[in-house]
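**Student:** Show me the folded form of this:
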Amino acid sequence: MWHSIEQAISVETGKPFYISEKQEISTRGPTASSFTGLYDNKEPPPNLSFKISDGYHSYFLKINSKDYLENFQAEAYSLKQLNSLANIASPKVTGIGTSLNKSFLILDYIDFSSAKPMLWYQLGQQLAQMHYETRHGQFGWQHDNYIGSTLQPNHWSSNWTTFFSDQRIAWQLQLLSERSIMLGNIEHITQVCHDALLHHQATPCLVHGDLWQGNTGFSGEQAMIFDPACYYGDREVDIAMTELFGHFPDDFYHGYQAEYPLDDGYGQRKLVYNFYHILNHANIFGGIYIDQAKAILSRIMSLPLH
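**Tutor:** The predicted structure follows:
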């Protein structure tokens, strides 16, 4: 596998690349041990991330089972769309491929640092600029992709209310029902969510799609976003998620509002937008997220409709 990774980097960069250091990285940061010859040609377990280097250049490597290739391809495609933008930074895709029984995604390695209030403000501004400058004709994406490990449908639609209620809410509810978890009548819940969005005039734009603090970082004086699940949707879905799993600092929202103020009624719509992510977590993890889904659904059911 390591030879396949070296070859992918060499082809992309046009320069020979031979791994001299491998540092396993957990979701909490680098492990205490690192390194040269860590696995010595043995296949690592699935779901691992590494910092790899030839002593001159470093890359961030994601490894999973071979059947995860489609997920990596979808992530790489989203990242490349973000890479093409001048107003927001994200890691550059270096390579993607497979070995005998593994798939991998190679990105630029970024040394992250602590965030300053000014950088959170800057991230808010940059996200607002991205949303404004990528306005599009329809809602959807060039292909289906993934939110976490869950397939995310993205069939093109000119109607945001229908797109979100059918391809986000109803889809997740159907997946739950296939696991014998029912929050109520799927058609009724979908209709309630549809009606909660009905009078909102959303403009399609590029959204990150999975924007929580774990998918943001800061390197030097630059804010960055990564691990996207992009599509053309209502910009409010990104802002809503920043409030779901650990509220972003206030400076972020001040920066966003200074560039592209949110529309009236956002406070109600964000419940529907975040319901989608809670449903997804209920599908992936179950447990407490099922209770959270029921709680947020109760709040949506009590929303006044205009």
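
**Student:** Which elements pack onto the longest helix along the chain?
**Tutor:** The longest helix of the chain (DSSP state H) is helix 266-285. Secondary-structure packing of helix 266-285 (3 or more C-beta pairs under 8 Å, 6 or more residues apart in numbering; DSSP states H and E): strand 150-152, helix 160-164, helix 171-177, helix 186-197, helix 236-242, helix 288-301. (Each C-beta comes from the backbone N, C-alpha and C, glycine too.)

**Student:** Residue 132: which of these is closest?
**Tutor:** Closest approach to residue 132 among those is made by helix 236-242 (12.5 Å; C-beta to C-beta).

**Student:** Now do the same contact list for residue 187.
**Tutor:** Residues in contact with residue 187 (C-beta atoms under 8 Å, 6 or more residues apart in numbering) are residue 170.

**Student:** swap in residue 225?
**Tutor:** Neighbouring residues of residue 225 by C-beta under 8 Å, 6+ apart: 82, 88-90, 123, 127, 208, 211, 215-216.

**Student:** any chance of the residues you listed in CSV, with neighbour count too?
**Tutor:** Below are the contacts of residue 225 laid out as CSV (neighbours: other C-beta atoms under 10 Å):
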residue, neighbour count
82, 22
88, 24
89, 20
90, 24
123, 27
127, 27
208, 28
211, 23
215, 18
216, 22
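
**Student:** Those residues: which two are farthest apart?
**Tutor:** Greatest spatial distance among these (C-beta to C-beta): 89 and 211, at 14.2 Å.

**Student:** So the closest residue to residue 104 other than its chain neighbours: helix, strand or coil?
**Tutor:** Counting by C-beta to C-beta, 6 or more residues apart in numbering, the nearest residue to residue 104 once its immediate chain neighbours are dropped is residue 63, at 5.1 Å. With DSSP: H, G, I helix; E, B strand; the rest coil as the basis, residue 63 sits in strand.

**Student:** I'd like the distance between residue 63 and residue 231.
**Tutor:** 26 Å (C-beta to C-beta, to the nearest Å).

**Student:** between those two, who's got more neighbours?
**Tutor:** residue 231 (27 against 22; other C-beta atoms under 10 Å).

**Student:** List phi and psi for that one.
**Tutor:** Phi and psi for residue 231, reported as degrees, to the nearest 10, are phi -170, psi 170.

**Student:** need the contact list for it.
**Tutor:** Per C-beta under 8 Å, 6+ apart, neighbours of residue 231: 139-141, 145, 152, 154, 206-207, 209.

**Student:** which of these lies closest to residue 254?
**Tutor:** residue 207 (20.3 Å).

**Student:** Strands along the stretch 101-250 of the chain, start to end?
**Tutor:** Ranges of strands in the stretch 101-250 of the chain, per DSSP state E, counting those that start in this stretch, are 102-108, 145-147, 150-152, 205-207, 216-219, 222-225, 231-233.

**Student:** can you put these in a markdown table and add distance to residue 163 and mean pLDDT?
**Tutor:** Shown next, in a markdown table, are the strands of the stretch 101-250 of the chain (distance: least, C-beta to C-beta, whole Å; pLDDT from 0 to 100):
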| stretch | distance to residue 163 | mean pLDDT |
| --- | --- | --- |
| strand 102-108 | 28 | 96 |
| strand 145-147 | 15 | 96 |
| strand 150-152 | 12 | 97 |
| strand 205-207 | 12 | 98 |
| strand 216-219 | 26 | 94 |
| strand 222-225 | 23 | 94 |
| strand 231-233 | 7 | 98 |
